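K.L.:
next input, structure requested:
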Amino acid sequence: MPYGRDVLNEEQFQMSADGRWIRPESTRRPVLPPPGARQPGAAGPGVPGPRAAESPVAAGASSGRRRRTPERVAGPPRPALRADLLPLLAVLLVQGALSYHLLGSNTAFVDEGTYIYAGYQEFENLVRGTPVATYETFFSGSPLIYPVVVALADMFGGLTAARLLSMAFMLSATVAVHLATRRLHGSLAAFCAAACFAALGPTQFLGGLATYDSMALALLAWAGYLAVRLTTGGGYPSMVLAALLLALAGCTKYAALLWVPVVLGITVLAGPGGAPRLWFRWKRGLQTMLVFVVALAVAALIAGESYVNGFNHTTLKRAPGHDAYGYVAGEAAKWVGALLVLALIGVLVQLVAARRRGENAWSEACLAAVLLVGGVLAPANQIRIHTWLSLQKHVDFGAWFACIVVGALLARVVVGLRSRVHVTAGVVVAALVIGPLGYAGAAQGRTMYGEWSNTKSFVAALEPYIRKGSDKYLVENYNVPAYYLRESSNWQQWHDLVAVYRKDPDTGKQQVGVPAIQAGIEAHEWQVVVLDFTQTGATDKAIQPTLKKAGYRVVTVVKSGEHGQYTIYVAPGYDKK
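P.N.:
You can find the predicted model right below:
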């Protein structure tokens with residue numbers, strides 16, 4: 001039999017009694033043997049093989065006849081479509097459809113406007129050297145990574161293209177969880193894990209939202225997959241790529257660094273090889289950590305002090321919020337609570353199996369526990385700092401890891417019911433888990449996407465008063481109108497009502513907050529003022545009498561959707577362009 005065909009037979013996966021797929025011992029065997037290597041079943045050099053007397057060449061030599069018989073050289077095996085990837089394609093189509101229907105259902109979210117608008121500025125700074133705001137001091141991720149990438153997408157296709165980029169990132173994260181689970185627990189578990197991840201509301205939401213969460217999650221997911229690949233025959237290339245992607249995910253969104261210990265735990269505990277205490281497991285984890293630390297240190301040195309200060313301000317030393325523990329925990333439970341309960345059951349099942357199967361199964365049980373910890377990291381961290389802000393996005397990072405455990409649990413259920421009842425029973429049970437998750441997730445995705453005001457009518461009403469030049473505009477949450485009206489203005493013209501600083505021209509004293517805004521209004525420094533009484537409601541109420549006293553007039557009040565009401569003021573003598 002040709003050597004290439006021999007490899008194909010060895011690489012076919014067989015299912016064991018407990019529902020796992022048996023993989024070949026090595027995935028590094030070459031498809032074709034190196035020159036001079038003996039074929040399988042052939043004898044070594046100088047030693048006749050067991051079937052040498054029956055070969056045509058040997059027969060011809062013994063009879064004195066010289067017959068040229070062409071050697072049969074095995075070509076590389078033809079790539080075959082793996083049947084287990086077809087269910088993954090169905091999952092991706094459903095996930096893409098659920099995210100795609102969100103794309104045009106609302107105008108830009110404030111975070112979307114912020115990152116895309118910043119990306120345009122950073123791109124112009126990189127290409128032409130134009131001045132740019134110091135986004136690195138208050139962004140919770142590098143403004144040179146995702147904002148620039150999404151701005152390029154927006155240049156080609158507007159907000160829709162920017163959101164489609166996020167969809168591509170989230171679809172790739174689903175592929176990564178499928179491939180990682182497939183290597184650990186087999187095809188059936190991989191399908192269940194991918195389906196659970198795609199069914200979650202936060203997954204669908206991030207797939208339709210142009211923020212750096214989707215890119216950071218995708219990078220973290222592929223780092224997790226490469227960590228699994230490292231433990232199942234991937235070698236040093238997988239280790240280096242996993243560490244580099246982990247560092248890139250952390251630079252893209254600083255909060256992604258929370259899951260670095262989980263990925264490193266995968267490099268230690270995943271794969272065959274015995275008990276979790278063995279040195280070779282910890283050695284590859286330490287090697288991965290070393291590459292990651294070096295990559296992150298190099299990035300920090302290149303970035304400079306302003307990035308480090310921004311990281312400390314937005315992530316490491318973030319000021320705590322005022323939300324109660326119970327409220328934050330309740331919000332997290334609403335989005336991923338059911339998934340985490342299933343993951344906990346999966347960990348308990350793994351522990352029971354480890355007690356029954358002995359020492360070699362403890363690594364698998366410990367890995368399941370680490371993945372479950374990854375699932376609860378985001379809620380635990382935000383409970384610690386008393387804030388639910390961005391929780392609906394952060395919980396999806398941990399859900400990626402928890403889905404691996406849930407996929408393994410559902411695969412065990414299907415295989416167990418197949419052997420005792422019928423395969424239909426197992427499929428029904430899995431569907432009764434994944435189906436409700438998907439139904440609730442779709443509703444949650446729509447709800448999340450409708451939580452901010454549609455600003456189409458507001459931007460249309462504001463546009464006639466915006467002109468490029470030296471005029472200044474004081475607008476609450478200005479990033480969305482600044483993004484839509486970027487062709488008609490410069491970034492230096494826009495100012496928010498948060499942390500306003502002003503130097504008094506008469507006394508030279510520094511004014512901050514409401515006094516600074518009131519003094520600027522009295523001096524007619526702001527040509528347009530827009531209030532919506534949301535983020536800075538107390539400030540809005542405090543400056544309203546000042547606006548009236550200084551002669552500002554209300555040109556229109558725009559109601560946008562169910563939540564937004566924008567009051568547009570203009571300075572005396574200022575009119576439409």
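K.L.:
check contacts around Leu389.
P.N.:
By C-beta atoms under 8 Å, 6 or more residues apart in numbering, the residues touching Leu389 are 321, 382. Any C-beta I mention is one placed from the backbone N, CA and C, and that applies to glycine too.
K.L.:
which parts of the chain are strands?
P.N.:
Ranges of strands in the chain, per DSSP state E, are 14-15, 21-22, 473-475, 494-495, 501-503, 510-512, 528-531, 553-560, 564-570.
K.L.:
could I get the last one in PDB with only the CA atoms?
P.N.:
Looking back up the chat, that one is strand 564-570. C-alpha atoms of strand 564-570 as PDB (Å, rounded to 0.1, in the frame of the first residue of the first chain):
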ATOM      1  CA  GLY A 564     -33.200  60.400  23.100                       C
ATOM      2  CA  GLN A 565     -34.300  64.000  23.200                       C
ATOM      3  CA  TYR A 566     -31.700  66.600  22.000                       C
ATOM      4  CA  THR A 567     -32.000  70.300  22.600                       C
ATOM      5  CA  ILE A 568     -29.900  72.300  20.200                       C
ATOM      6  CA  TYR A 569     -28.800  75.900  21.300                       C
ATOM      7  CA  VAL A 570     -26.900  78.400  19.200                       C
END
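K.L.:
return the set of buried residues in it.
P.N.:
For strand 564-570, a neighbour-count test (16 or more other C-beta atoms under 10 Å) marks 564, 566-570 as buried.
K.L.:
that strand pairs with which strands, parallel or anti?
P.N.:
Sheet pairing for strand 564-570, assigned by DSSP bridges, gives strand 528-531 (antiparallel), strand 553-560 (antiparallel).
K.L.:
so which of these is nearest Leu245?
P.N.:
With distances scored as C-beta to C-beta, the stretch of those nearest to Leu245 is strand 553-560 (39.5 Å).
K.L.:
which of the strands of the chain sits most buried?
P.N.:
Greatest average neighbour count among these goes to strand 528-531 (a mean of 24), per mean count of other C-beta atoms under 10 Å.
K.L.:
how about that strand as CSV, C-alpha atoms only?
P.N.:
What follows is strand 528-531, C-alpha atoms only, in CSV (Å, rounded to 0.1, in the frame of the first residue of the first chain):
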residue,chain,number,x,y,z
VAL,A,528,-23.5,75.4,19.3
VAL,A,529,-24.5,73.7,22.5
VAL,A,530,-26.4,70.4,22.6
LEU,A,531,-27.9,68.9,25.7
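K.L.:
isn't Ala194 right up against Val177?
P.N.:
Yes: here Ala194 reaches Val177: they are 5.7 Å apart, a contact under C-beta atoms under 8 Å.
K.L.:
what sits in contact with each of the two?
P.N.:
403, 407.
K.L.:
between those two, which one's more packed in?
P.N.:
Ranked by neighbour count (other C-beta atoms under 10 Å), Ala194 and Val177 place Ala194 first, with 29 against 26.
K.L.:
pLDDT score assigned to the spatially most central residue of the chain?
P.N.:
By C-alpha atoms, centre = their mean, the mean C-alpha position of the chain lies nearest to Leu217, the distance being 1.3 Å. What the model reports for Leu217 is a pLDDT of 98.
K.L.:
could you check how far it is from Val268?
P.N.:
The gap separating Leu217 from Val268 is 23 Å, by C-beta to C-beta, to the nearest Å.
K.L.:
now do Gly469
P.N.:
59 Å.
K.L.:
what about these two, which has more around it?
P.N.:
Per other C-beta under 10 Å, whichever of Gly469 and Val268 has more neighbours is Val268, with 24 against 11.
K.L.:
residues in contact with the more buried one?
P.N.:
By C-beta under 8 Å, 6+ apart, Val268 lies in contact with 276, 281-282, 284-285.
K.L.:
try Val512
P.N.:
By C-beta under 8 Å, 6+ apart, Val512 lies in contact with 499-502.
K.L.:
what's the farthest-apart pair in the contacts of Val268?
P.N.:
Pro276 and Arg284 (12.6 Å).
K.L.:
which of the two has more neighbours?
P.N.:
Between Pro276 and Arg284, counted using other C-beta under 10 Å, Arg284 has the larger neighbour count: 22 against 17.
K.L.:
excluding chain neighbours, what is closest to the more buried one?
P.N.:
Closest residue to Arg284 apart from its sequence neighbours, by C-beta to C-beta, 6 or more residues apart in numbering: Thr267 at 5.4 Å.
K.L.:
thought the one you found was touching Ala242?
P.N.:
Yes: between Thr267 and Ala242 there is a contact under C-beta under 8 Å: 7.2 Å.
K.L.:
any common contacting residues for those two?
P.N.:
Both Thr267 and Ala242 are contacted by 227, 230, 288, under the criterion C-beta under 8 Å, 6+ apart.
K.L.:
which of those residues fall within helices?
P.N.:
Judged by DSSP state H, those include 227, 288 as members of helices.
K.L.:
can you add pLDDT, neighbour count and distance to Thr130 and give the shared contacts of Thr267 and Ala242 back as TSV?
P.N.:
Formatted as TSV, the shared contacts of Thr267 and Ala242 follow (pLDDT from 0 to 100; neighbours: other C-beta atoms under 10 Å; distance: C-beta to C-beta, whole Å):
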residue	pLDDT	neighbour count	distance to Thr130
Ala227	96	31	41
Leu230	93	26	43
Thr288	95	26	40
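K.L.:
what's the closest non-adjacent residue to Lys576?
P.N.:
Closest to Lys576 by C-beta to C-beta, 6+ apart is Pro464, at 4.2 Å.
K.L.:
from Leu531, how far off is the one you found?
P.N.:
Pro464 is 18 Å from Leu531, by C-beta to C-beta.
K.L.:
if we can go back for a sec, quick one: pLDDT of the residue nearest to Arg284?
P.N.:
Value for Thr267, per-residue pLDDT: 95.
K.L.:
burial count for it?
P.N.:
Neighbours of Thr267 under the rule other C-beta under 10 Å: 27.
K.L.:
residues in contact with it?
P.N.:
Taking C-beta under 8 Å, 6+ apart, we find Thr267 in contact with 227, 230-231, 239, 242, 284-285, 288.
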